[in-house]
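>>> attaching a predicted model along with its sequence, questions to come.
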Amino acid sequence: MEFKDLGKTGEKIPAIGWGTWKYGADPGEEVNALKLGFERGFRLVDTAEMYNSEAIVGEAIKDAEGIFVATKVSPSHFDYDGVIKACDGSLKRLGVRQIDLYQLHWPNKSIPISETMRAMEKLVDDGKIRYIGVSNFSEREIEEAQAALKHNEIVSDQVEYSILVRQIENGLMDYCRKNRISIIAYSPLGQGKLYSRKYSGLYELLEGIGRGHGKSATQVALNWVVSKENVVAIPKAGSTTHVLEDSGSVGWKLDKKEMERINGFLA
């Protein structure tokens, strides 16, 4: 198991956790997948009120201990009362008394960020959430959100990042590293595009590198993501098969030449 710092909190979270976007096709299998992941020590799970998967996560965690639970409030609920109400709804669906990481799902320019953050700090003060995070925020948006906080710090920014989607390398990744803000990478396998015919050459490269480590192309792709200093990944835990494979993505390292070959493939 590999752990990384969560922002400046001193808390350690797994380098690989579980995403639950598009859950609901097979709730029984999805619950089993999460439980298996937790049993293997990957005790980070991410959901959102927008995903309609919080109840499934709640079922998976109800008999477990030490699970780090992250969820998100939808932008349409960023007014003060909306944030409070949304959090209460998430707590009920998750079946927990406190959310570990509560995140603003997307920026919403129509509601003052000061109002939203005032509600977020109220939730911290009331013990309903532990840490404040954001999702899909730019450097400027993070700065505006942080400036609106009086007593707390933004600990993370959840953004799309994979070998195929690397826009955060154009400034956001360095900004977060310098400010000790964790990056939580969603869709770390490119939303399945990694397995498409279009990227067959890249897949073959990953397969070849993986053979040298006794790993699959998927495991190499996830290892590449979490090799970055302040990045954790949350692949979708859609089945026990996915969990078993994804769990083998850490505990080993790609060497410098392998990293360069992957980095250069799409350059």
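Perfect, I can see it now. These numbers come from a predicted model, not from an experiment. Residues are numbered from 1 along each chain as shown.
>>> quick one, helices of this protein?
Under the criterion DSSP state H, the chain carries helices at the ranges 27-39, 54-61, 80-94, 113-125, 139-147, 172-178, 200-211, 217-226, 240-246, 256-265.
>>> nearest to Leu6, out of those?
Leu6 lies closest to helix 172-178 among those, at 12.2 Å (CB to CB). In short, each C-beta sits where N, CA and C put it, glycine included.
>>> just to revisit the earlier point, output the helices of the chain as a markdown table; include the columns distance to Leu189 and mean pLDDT.
Below are the helices of the chain laid out as a markdown table (distance: least, CB to CB, whole Å; pLDDT from 0 to 100):
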| stretch | distance to Leu189 | mean pLDDT |
| --- | --- | --- |
| helix 27-39 | 15 | 96 |
| helix 54-61 | 20 | 98 |
| helix 80-94 | 26 | 98 |
| helix 113-125 | 31 | 98 |
| helix 139-147 | 25 | 98 |
| helix 172-178 | 18 | 98 |
| helix 200-211 | 11 | 97 |
| helix 217-226 | 6 | 98 |
| helix 240-246 | 9 | 96 |
| helix 256-265 | 14 | 93 |
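>>> among the ones you listed, which is nearest Pro107?
Among the helices of the chain, if distance is taken as CB to CB, the winner is helix 139-147, at 5.2 Å.
>>> orientation of the closest one relative to helix 113-125 in degrees?
Interaxial angle, helix 139-147 versus helix 113-125 (axes from the mean of the first three to the mean of the last three CA atoms, to 10 degrees): 50 degrees.
>>> which one of the helices of the chain lies nearest to Ser156?
Ser156 sits nearest to helix 172-178 of all these, at 8.4 Å, using CB to CB.
>>> dump the helices of the chain to CSV, plus distance to Gln191.
Formatted as CSV, the helices of the chain follow (distance: least, CB to CB, whole Å):
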stretch, distance to Gln191
helix 27-39, 18
helix 54-61, 20
helix 80-94, 25
helix 113-125, 28
helix 139-147, 23
helix 172-178, 19
helix 200-211, 15
helix 217-226, 12
helix 240-246, 14
helix 256-265, 18
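>>> can you check which of those gets nearest to Gly190?
Gly190 lies closest to helix 217-226 among the helices of the chain, at 8.0 Å (CB to CB).
>>> contacts for that closest one?
2, 4, 15-16, 161-163, 185, 188-189, 194, 203, 206-207, 209-210, 213, 215, 231-233, 235, 245-246, 248-250, 252-254, 259, 262 (CB atoms under 8 Å, 6 or more residues apart in numbering).
>>> just to revisit the earlier point, save the helices of the chain as TSV, and put in mean neighbour count too.
Output for the helices of the chain, formatted as TSV (neighbours: other CB atoms under 10 Å):
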stretch	mean neighbour count
helix 27-39	19
helix 54-61	22
helix 80-94	18
helix 113-125	19
helix 139-147	16
helix 172-178	17
helix 200-211	16
helix 217-226	23
helix 240-246	18
helix 256-265	14
